[in-house]
Structure formats: structure tokens, C-alpha cells
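Participant: generate a structure from the sequence data that follows.
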Amino acid sequence: PQTVSAGKKIITATVGGYAYDLVKDQDMVYVPGKQHNFTLSVNKRAAGSYEFTLSGESITVWENDRSSHDGVAREYVVVNVETPGTLDACIAEKGLKLSKIKNLKITGTINSRDFAVMRYSMTSLNALNLKEVRITEGEGGSLGPGMDYNNSETDVIPAGCLEKKLTLTSLILPDKLSKIGASAFCECFNLSGSLIIPEGVVTLEDRCFNGCSSLTGQLSLPSTLKYIGTAVNESWEGL
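Facilitator: Next up is the predicted model:
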């Protein structure tokens, strides 16, 4: 539970360099265990500026938010990665052990090395939220014997990045994404719930979700999708 005093900012939205601050005349009290939703309408004026209007506000249960929680309220460890390739260092700065983190939300920018840290070093990782992450270019390499990883490209989930990650049960993909690489999540047998492929994704490469037999929830494919590779997931045949 949290109260934001009257006259203080609740949220800030920025579009085209123009910012909008939501401020209320009375105290804003968040309800424990619930999700608060704010809907903003944005109109571009002829002069080039933007007009913001609070057009909707509601309080709902977490179960309604499938895009970010898939019906489960989780407490994430939130890590902001400012320099790609430093996820493990950022976690260490928080005084946390890689092997102990179960629910992880990453913000900022990551590359192929950070995916390797998640795959090999985060041995208890269950839920992974990448919604606010940007992926950038990164060279392949190794974290040690038997822990090799592939190159990464901008806005592309690297090939084989979390292949056979058996602890993984929940995944939220980045909002900014164009492709999911071959075998990226292949044989993540315990990955469950819904799978939301975000708008902007053009390509699902071969076997990227092959063997993910516990994905029994909602499947949402974007209007931008142009190519689905071979055996992306056995249960998707005929798409």
C-alpha cells in the first residue's frame, strides 16, 4: 500500500520531447494486490506540440494483465543495465547472488553476454521480464568451459540464448523486437502460460520455441509477422 500526496506527480509521459505529469488534487491511494490503470489520449497540435488528456482510470486484478504478468502477481528483482554485457556486475552491485534470483525484471540495454549470464549462471531463474529492455549488438564468447554464446543483433533475441533453460517458467518479451533467433527458447519444457509476441516482430526463426510443450495459454502473434520457421513449436503447425 502506498499513498501519493495531493499535488505530487503520479506518472509522467513524454512524447516527442513534450512531457505530461499526472497530478491529482487529492491523495492517490494504491490498493494492495490490485493493478492501477491510467489511459492517456495524446493529440498532436498543428504547431507540433502535443495535448495530453487523462481519458480513463481503473483498478483491476492482476489476473487481467496477461501482457506483463500472465495472471500471476510476482515480486521481481529489478535490475537496470546501463552498459550492455554487465548484467552480472549490476546484480553484484545490489549485493545479490546470481544463483539465488528467481524472478528477474531487466531494464536498460543488454547483449548476448547478458543472455549467457541468465542461461548459465542464474540457475534458479523462473520468471523473466524483458518488457522494457533493448537488445544491442554483441560478440559471441564464453563464460567458461561449456558456456559458449552466440552473437547478438539490435532488437533480436539471439539464437540459442536460453535453450534448454529448464528452470524458466514465465517469459515476457521486449516491446522493441524484430526477430527471435533459431532455438532461442528451444526445449524450455517448463515455460508455461501465455506467449505474447510483440508488434514489430517480423521473423520467428527455426525451432525458437520448439519443445515448449507447457505453453498452453494464449498465443498472440503480431500483425507484422512475415516468416515462421520450421518447427517453431509443434503445436503451431498449420499457422
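Participant: quick check: beta-bridge partners of residue 29?
Facilitator: Per DSSP bridges, the residues bridged to residue 29 are residue 3.
Participant: what's the neighbour count on it?
Facilitator: 11 (other C-beta atoms under 10 Å). Heads up, the C-betas are built off the backbone N, CA and C, glycines and all.
Participant: next: the one 10 residues further on.
Facilitator: Residues lying near residue 39 (other C-beta under 10 Å) number 10.
Participant: with residue 160 instead?
Facilitator: 22.
Participant: do residue 130 as well
Facilitator: 22.
Participant: OK, contacts around it?
Facilitator: 106, 171, 172, 173, 174 (C-beta atoms under 8 Å, 6 or more residues apart in numbering).
Participant: try 6 Å
Facilitator: 106, 173, 174 (C-beta atoms under 6 Å, 6 or more residues apart in numbering).
Participant: okay, and which of these map to helices?
Facilitator: Among those, none falls in helices (DSSP state H).
Participant: drop anything exposed from these.
Facilitator: Buried residues within the contacts of residue 130, counting neighbours by 16 or more other C-beta atoms under 10 Å: 106, 173, 174.
Participant: one step back: from the contacts of residue 130, which is closest to residue 95?
Facilitator: Relative to residue 95, the closest of the contacts of residue 130 is residue 106; by C-beta to C-beta it sits at 17.4 Å.
Participant: quick check, that closest one in contact with residue 78.
Facilitator: No - counting by C-beta atoms under 6 Å, residue 78 is not a contact partner of residue 106; they are 7.9 Å apart.
Participant: for residue 130, give me the pLDDT.
Facilitator: Each residue has a pLDDT score; the one for residue 130 is 95.
Participant: now residue 83: closest residue in space that isn't a chain neighbour?
Facilitator: Closest residue to residue 83 apart from its sequence neighbours, by C-beta to C-beta, 6 or more residues apart in numbering: residue 109 at 7.8 Å.
Participant: perfect, that will be all.
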